[in-house]
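Asks: Show me the folded form of this:
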Amino acid sequence: MSEHSVPRRRIPRGVRIAGSILVGVIVYLIGIFTSSMAVTANPWAFSDGELNDTGLVAVLLLFLAWGLVFLRHRWPWVPFVVGGLLTAAWGDALMLLIAVFHLVIRAPKRQAITASAVSTGLVVFSTVRMCLAQPEHNPFSIFFLPDPAQVTGVEATIPPDDSHLAIRVITVAACLIGLGTALGVGALLRRTRRMRAVESIAERETLRNESLSAEIARQSERELLARELHDTLSHRLSVISLHTGALEVAAQTDPEVASTASALREEARASLEDLRHLVGGVRNGNLADPHHSRASSAPPSRATMSAIPELIASVASTGTIVRPLIVIQDVDSCPPALDRAVYRIVQEALTNAMKHAPNSPVTVDIGVSAARGVQLSVSNPLPRTPGPIDVPPRPRYAPDSVRTLGPDAAAHGWAPDGSGEASYDSPLASTGSGTGLVGIRERSEMFGGEASIGVFGEEFRVQVSFPPFRPQT
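Replies: Below you'll find the predicted structure:
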């Protein structure tokens, strides 16, 4: 939303309906009163000064006719037609003015103009007719009678001669006020509604333009990042792959060196494939989308749960002892983003163990099924306190990555430093930025899972669980 736009508070639907009904009841009562006054201006409604059967029927019909005022919002043409008949019959124009008021506000422009012209003609005709009629037949003469008993059926009293001009003035004033209110206020509200609609459209277009501008900016940043990733890492990994290939050929006499070189070359090749997938995801902007389809997101690399055994074998080829217990089911029907997230979490946990606890055995326990979800745990023993001669590496973990420190943590060299970290310095550990464990938490939260990372007893453990997933068809 634009910083200059102020959201308008919408009135609840129930309150609007109750208000409309209340206004309708008030208008209904006022309309019955004014129509009854208008009936008194018709000689055919009275006999010997009393309301006759015809007048009684007319009054009863008014009670039914004014019930149409409740249709003024949805079907304003219905009270418009009935109001036009009342106006032409005996000058009762209130229902007509109410109907044309709502038509001017809501009806299409051509219909609003037609209704305004017709209503103006009928009201002017009725006004002229009442001004030319005898004063005693003018509904407004009731205000000038010394004993206004006309409505009760008593013999009508003729208004004084000096009040005839005032009666006509009031009649014309009522005509002008009624038409001015119905047409003028209706046109003003129509213009207000139109301006609100225009403002709403302009606000949506502004938001759309801001969104497009932000997306263009993000796309430019993604293009720059993807280009830099490709131009730098691709070159370096290609050089590493070539050098390890040459080392593998040159070290045929030393099987151990040749095996290590082969493993390095394979890792460099896989890293190039991961880099190509990463660059494509950065360019398209769907790298972190958990809902895109498998067909569009299948990476050319090994970042799937099916490749976890291969990942463990790659780690074991470095000399690290890995104790795996892997039970994976429904992996083909697992959402592709979740599939990749589990692989990345295991990969980061293994990398973390190799970096901060080298030469320590790593236990990997993974269970995956659609019904139970994903349960994984990667743990390694804590490094021991350095002796007087040997100086083993002391790993450093990221802030907030250690949830709880066990009671024996201090005895093994683990203690909080000034930043609240559990630290155990080493040159290798200092290469980490701590974002890996943060990424594990973010990946788990993205799919509604839970992550528990920290020192538990004698070992450092990464535990992540994801809820059951629905197999994709």
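
Asks: and the closest residue to V118 other than its chain neighbours, what does it touch?
Replies: Nearest non-adjacent residue to V118, counting by C-beta to C-beta, 6 or more residues apart in numbering: G84, 7.0 Å away. Any C-beta I mention is one placed from the backbone N, CA and C, and that applies to glycine too. G84 makes contact with L96, V118, S119, L122, according to C-beta atoms under 8 Å, 6 or more residues apart in numbering.

Asks: Of all pairs in the residues you listed, which one spans the longest distance?
Replies: L96 and V118 (8.9 Å; C-beta to C-beta).

Asks: For R194, pull up the helix or strand it's in.
Replies: Using DSSP states H and E, R194 sits in helix 186-250.

Asks: And the pLDDT at G245?
Replies: You'll see G245 listed with a pLDDT of 75.

Asks: Next, work out how far apart it and L233 are.
Replies: As judged by C-beta to C-beta, to the nearest Å, G245 and L233 stand 18 Å apart.

Asks: And P159, by the same measure?
Replies: To L233, P159 is 102 Å away according to C-beta to C-beta.

Asks: again, but for S213
Replies: 30 Å.

Asks: The two: which has the busier surroundings?
Replies: Just comparing S213 and L233: by other C-beta atoms under 10 Å the higher neighbour count belongs to L233, 16 against 10.

Asks: can you pull the contacts of that one?
Replies: S271, L275.

Asks: Is L376 in a helix, a strand, or coil?
Replies: Three-state call for L376 (DSSP: H, G, I helix; E, B strand; the rest coil): strand.

Asks: what about it, how many neighbours?
Replies: Neighbours of L376 (other C-beta under 10 Å): 22.

Asks: Just confirm it contacts Q463, I think it does.
Replies: Yes: in this structure, L376 is within contact of Q463 by C-beta atoms under 8 Å, at 7.4 Å.

Asks: Model confidence for the residue nearest to V118, exactly?
Replies: So, for G84, pLDDT stands at 88.

Asks: distance of it from L96?
Replies: 5 Å.

Asks: In stretch 442-452, which residues are buried?
Replies: Residues of stretch 442-452 classed as buried: R443, S444, F447, G449, A451 (neighbour count, 16 or more other C-beta atoms under 10 Å).

Asks: Check those residues and tell me the two furthest apart.
Replies: F447 and A451 (10.9 Å).

Asks: which SS state does the residue nearest to S238 when sequence neighbours are not counted fall under?
Replies: Computed as C-beta to C-beta, 6+ apart, the closest residue to S238 that is not its neighbour in sequence is L272, at 6.9 Å. Secondary structure, three-state DSSP: L272 is helix.

Asks: Check which helices and strands the host helix or strand of L56 is in contact with.
Replies: Taking DSSP H and E as the definition, L56 sits inside helix 53-65. With contacts defined as 3 or more C-beta pairs under 8 Å, 6 or more residues apart in numbering; DSSP states H and E, helix 53-65 has these neighbours: helix 13-39.

Asks: Just the buried positions in the helix it packs on, please.
Replies: So for helix 13-39, counting by 16+ other C-beta under 10 Å, buried means G24, V27, Y28, G31, T34, S35, S36, M37, A38, V39.

Asks: mind listing what the third one touches?
Replies: To tie it back to what came earlier, the one meant is Y28. The contact partners of Y28, taken as C-beta under 8 Å, 6+ apart, are W66, G67, V69, F70.

Asks: where along the stretch 1-150 of the chain do the strands fall?
Replies: Using DSSP state E, counting those that start in this stretch, the strands of the stretch 1-150 of the chain run over 46-47, 50-51.

Asks: closest one to A226 among those?
Replies: The nearest among the strands of the stretch 1-150 of the chain, by C-beta to C-beta, is strand 50-51 at 90.1 Å.

Asks: any idea of the mean pLDDT for that closest one?
Replies: Strand 50-51 comes out with an average pLDDT of 70.

Asks: likewise stretch 367-382?
Replies: Here the average pLDDT along stretch 367-382 is 91.

Asks: Offset the numbering so it begins at 48, please.
Replies: Taking 48 as the first residue, the last one we looked at is stretch 414-429.

Asks: before we move on, back to that, CA atoms of the helix holding L103 as PDB?
Replies: Provided in PDB are the C-alpha atoms of helix 100-112 (Å, rounded to 0.1, in the frame of the first residue of the first chain):
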ATOM      1  CA  ASP A 100     -65.400   4.500   0.900                       C
ATOM      2  CA  THR A 101     -63.300   5.500  -2.100                       C
ATOM      3  CA  GLY A 102     -61.100   7.700   0.200                       C
ATOM      4  CA  LEU A 103     -60.800   4.800   2.700                       C
ATOM      5  CA  VAL A 104     -59.800   2.400   0.000                       C
ATOM      6  CA  ALA A 105     -57.200   5.000  -1.200                       C
ATOM      7  CA  VAL A 106     -55.800   5.400   2.200                       C
ATOM      8  CA  LEU A 107     -55.500   1.600   2.700                       C
ATOM      9  CA  LEU A 108     -53.800   1.300  -0.700                       C
ATOM     10  CA  LEU A 109     -51.300   3.900   0.400                       C
ATOM     11  CA  PHE A 110     -50.200   1.600   3.300                       C
ATOM     12  CA  LEU A 111     -49.500  -1.100   0.700                       C
ATOM     13  CA  ALA A 112     -47.900   1.200  -1.800                       C
END
